[in-house]
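Trainee: Output the structure for:
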Amino acid sequence: MKMMLVLVLSWVLVVSADILHEDVGFTACSETFGEDMYGLDGEEVWYADFKAGKGVDPQPDFVDHTTYDYAGAVGHLQVCKSDLGLTSKAFKDYKPKRDPPSTPIVYPRDQVELGDSNSLICHVTGFYPAPVTIFWKKNGDNVTQGITQNPPFMNKDATFSQFSRLQFTPQQGDIYSCSVSHLTLDQPSTRIWEVPSTQPGVGPAVFCGLGLTVGLLGVAAGTFFLIKGNECS
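Mentor: Numbering: from 1, shown residues only. Okay, here's the model as predicted:
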């Protein structure tokens, strides 16, 4: 099944007080997919969630936030959809570019403390076209709760990156995995992440035990020779 993707991309360079900023905005659509987003200096600052019918600001609370018009994003999507048929005809014999995603990278948001709530982040990049499908497992079982996923973010080379976050409470021995599916892959690409062990190793205990034994033997040997010396006097 062929899928045509229409992409409208704009780049703006803003120079202020000898600081160079890079502002990007793009609209993308296909028969089943639509996206409108804005980014600044490589960070996604706003995107339209067309399923929820609202704009989303994924930036943390401590940064300055900029408001974007969701109604404008809907208009961009409508224009993109109207152009889709014309573009499909123009490129009906064009072989589309396809790039597989990188191997997923999985890492915790915060330092891992057993029993403390945390987030696992799965990042994949370098793929085209968008999107990928990201899914999680815990100890071999599928996880469906506590998952959030950003829409694809365009890289400078026109490929995409995407993040998925899993809320979890680390427990000793738990094993998590993040798998990524894409039309360029015959099977999902998977990365395993294990909760770090906090149990002390046996090495220090063995070393201390051995040191204590050698010390006691030394004391015993010294006592033996002292007694023998007194007997010879």
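Trainee: Give the phi and psi angles for the residue lying closest to P104 once chain neighbours are set aside, as a check.
Mentor: Excluding its sequence neighbours, the residue lying closest to P104 (Cβ to Cβ, 6 or more residues apart in numbering) is R191, at 4.1 Å. In this view, the C-beta of every residue, glycine as well, is placed from N, C-alpha and C. Backbone dihedrals for R191, given as degrees, to the nearest 10, come out at phi -120, psi 130.
Trainee: wouldn't R191 be in contact with P101 here?
Mentor: No. The pair R191 and P101 does not pass the contact test of Cβ atoms under 8 Å, sitting 11.4 Å apart.
Trainee: who has more neighbours, these two?
Mentor: When neighbours are counted by other Cβ atoms under 10 Å, R191 and P101 differ, and P101 comes out ahead with 23 against 17.
Trainee: For the more buried one, which residues are in contact?
Mentor: 124-127, 132, 180, 182, 184-185, 189 (Cβ atoms under 8 Å, 6 or more residues apart in numbering).
Trainee: got it, and S164?
Mentor: 121-122, 134, 136, 147-150, 178.
Trainee: how about it, secondary structure?
Mentor: Each residue gets one of three states, and S164 gets strand by DSSP: H, G, I helix; E, B strand; the rest coil.
Trainee: if I look at it, how far off is G42?
Mentor: Between S164 and G42 the distance is 19 Å, computed by Cβ to Cβ, to the nearest Å.
Trainee: ok, now H65?
Mentor: Distance of H65 to G42, given as Cβ to Cβ: 17 Å.
Trainee: Ok, D141 next?
Mentor: In this structure, D141 and G42 are separated by 35 Å, where distance is defined by Cβ to Cβ.
Trainee: Of these two, give the one with the bigger neighbour count.
Mentor: Comparing D141 with G42 by other Cβ under 10 Å, the one with more neighbours is G42, at 11 against 8.
Trainee: Now that one: closest residue in space, sequence neighbours ignored.
Mentor: Closest residue to G42 in three dimensions, ignoring its sequence neighbours and counting by Cβ to Cβ, 6+ apart: E22, at 7.2 Å.
Trainee: check which helix or strand covers the one you found.
Mentor: strand 19-29 (DSSP states H and E).
Trainee: tell me the domain ranges of this structure?
Mentor: Per the record's domain assignment (automatic domain parsing), the chain is made up of the domains 6-90, 105-194.
Trainee: among these, which gets the worst mean confidence?
Mentor: Taking the average pLDDT of each of the domains of the chain, the minimum falls on domain 6-90, with a mean of 76.
Trainee: Okay, strands next: where are they in this structure?
Mentor: Taking DSSP state E, the strands of the chain run over residues 6-16, 19-29, 34-40, 43-49, 54-56, 105-108, 118-127, 133-138, 141-143, 147-149, 153-154, 160-168, 175-181, 189-194.
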